[in-house]
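J.: Got a predicted structure here, sequence first:
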Amino acid sequence: MHFPSTRLRRPRQTQWLRNLVAEHTVTVNDLIWTGFVVEGVALREPIPSMPAVHRLSIDELVAEAQEVHALGIPAMAIFPALDNKLKNAKGSEATNPDNLICRAVSAVKKAVPDLGIICDVALDPFTDHAHDGLLVDGKILNDETVEILCQQALVQVRAGCDIIAPSDMMDGRVGSIRKALDDNGLQDKLILSYAAKYASGFYGPFRDALNNKGSLKGDKKTYQMDPANSEEALREVAMDIAEGADMVMVKPGLPYLDIVHRVKTTFNIPTFVYQVSGEYAMWKAAAQNGWIDSDRILMETMLSFKRAGADAILTYAAKDVAKLLGK
């Protein structure tokens, strides 16, 4: 291919031509809205580090779910922001069938039965030390944590959760949760594994949203992945698929597009990506200061996830994306 017989600018001349030859597109079906639920009634608590994101009481969460569904977004992921009085070293509230997340799931599923619900499985919203597993003498216990995660998964599914998403990064948790679901006649419930979840600095605002800011004892580097590693991510994904994961996730998103691409091309399994709180906060802060074109940057970011190979995107900006697509 040589100039002048080949001119790559020809198909770029007009918008309809650019649309016609576009290699990747973002649609509303790629989106998963992500939000937080809190105890109370008619509450919308702003999260300062995540502009335009709120902790919502169950009634407000239901209203949000109805809007999400009306926009055509197929699913939502819900995280509980518990009162600190309910947190303890063992995270025992996680297995309470009447806990905040279970009541929220039941309410949303009753109001919007066709909206998919994804529930996180990890202990960090429920522990006073803010770790994803049991902490004993400064060490996270793997197998003992997995036993609790299985119980947590069961109460969430029985409340109406459609997809269980273990985000804890304990070894063997996917296989154990799959067995627990199957043994209880819940073999049709799906598992979305946080298969490649990195020990990232981009999670700060999320911990703020869960009321965990300042609670974390130490760090999570003994179970979340080292940002330096990519081959390890493929091993993690392979193990989770073998244990029964129906889909896998890479987290965070934008700093790990190479991992998204490698996972998708290696395994050709439904691959999700999470635009995490720090990514969202940076975009929002820059937009509020007028430093970037907010809509353009948001859609360019979504497209980068799709170009890397993502099948679905968890994002706090899902409604913004859906509205832009609607234009």
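T.: Perfect, I can see it now.
J.: and residue 48, how many residues sit next to it?
T.: The tally of other residues near residue 48 (other CB atoms under 10 Å) stands at 10. In short, each C-beta sits where N, CA and C put it, glycine included.
J.: Going by residue numbers, what spans are helices in the stretch 51-200 of the chain?
T.: 58-70, 100-111, 142-159, 173-183 (DSSP state H, counting those that start in this stretch).
J.: before we move on, what about the stretch 201-327 of the chain?
T.: Under the criterion DSSP H, counting those that start in this stretch, helices of the stretch 201-327 of the chain are mapped to 204-209, 231-243, 257-267, 277-288, 294-308, 318-326.
J.: what's the angle from the third one to helix 231-243?
T.: Same thing as helix 257-267. Using axes from the mean of the first three to the mean of the last three CA atoms, to 10 degrees, the inter-axis angle of helix 257-267 relative to helix 231-243 is 40 degrees.
J.: For helix 257-267, report the contacting residues that lie outside it.
T.: With CB atoms under 8 Å, 6 or more residues apart in numbering as the test, helix 257-267 has contacts from 195-196, 230, 233-234, 237-238, 241, 248, 250, 253, 269, 271, 273, 304-305, 308-311.
J.: List the buried residues in that helix.
T.: For helix 257-267, burial by neighbour count (16 or more other CB atoms under 10 Å) applies to 257, 259, 260, 261, 262, 263, 264, 267.
J.: centre of the chain versus it, how much separation?
T.: 17 Å (CA atoms, centre = their mean, to the nearest Å).
J.: circling back: possible to save the helices of the stretch 201-327 of the chain as a markdown table with distance to residue 97 and mean pLDDT?
T.: As requested, those are arranged in a markdown table below (distance: least, CB to CB, whole Å; pLDDT from 0 to 100):
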| stretch | distance to residue 97 | mean pLDDT |
| --- | --- | --- |
| helix 204-209 | 24 | 90 |
| helix 231-243 | 25 | 98 |
| helix 257-267 | 34 | 98 |
| helix 277-288 | 28 | 96 |
| helix 294-308 | 35 | 98 |
| helix 318-326 | 28 | 97 |
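J.: Pick the most deeply packed of those helices.
T.: Of all these, helix 204-209 carries the top mean neighbour count, a mean of 21, counting by mean count of other CB atoms under 10 Å.
J.: just checking, what packs against that helix?
T.: Here helix 204-209 touches helix 277-288, going by 3 or more CB pairs under 8 Å, 6 or more residues apart in numbering; DSSP states H and E.
J.: pull the CA atoms of the helix it packs on into PDB?
T.: What follows is helix 277-288, C-alpha atoms only, in PDB (Å, rounded to 0.1, in the frame of the first residue of the first chain):
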ATOM      1  CA  SER A 277     -13.400   5.100  41.800                       C
ATOM      2  CA  GLY A 278     -10.000   6.700  41.400                       C
ATOM      3  CA  GLU A 279     -10.300   6.700  37.600                       C
ATOM      4  CA  TYR A 280     -13.800   8.200  37.900                       C
ATOM      5  CA  ALA A 281     -12.700  10.800  40.400                       C
ATOM      6  CA  MET A 282      -9.800  12.000  38.200                       C
ATOM      7  CA  TRP A 283     -12.100  12.400  35.200                       C
ATOM      8  CA  LYS A 284     -14.700  14.200  37.300                       C
ATOM      9  CA  ALA A 285     -12.200  16.600  38.900                       C
ATOM     10  CA  ALA A 286     -10.600  17.500  35.600                       C
ATOM     11  CA  ALA A 287     -14.000  18.100  34.100                       C
ATOM     12  CA  GLN A 288     -15.200  20.300  37.000                       C
END
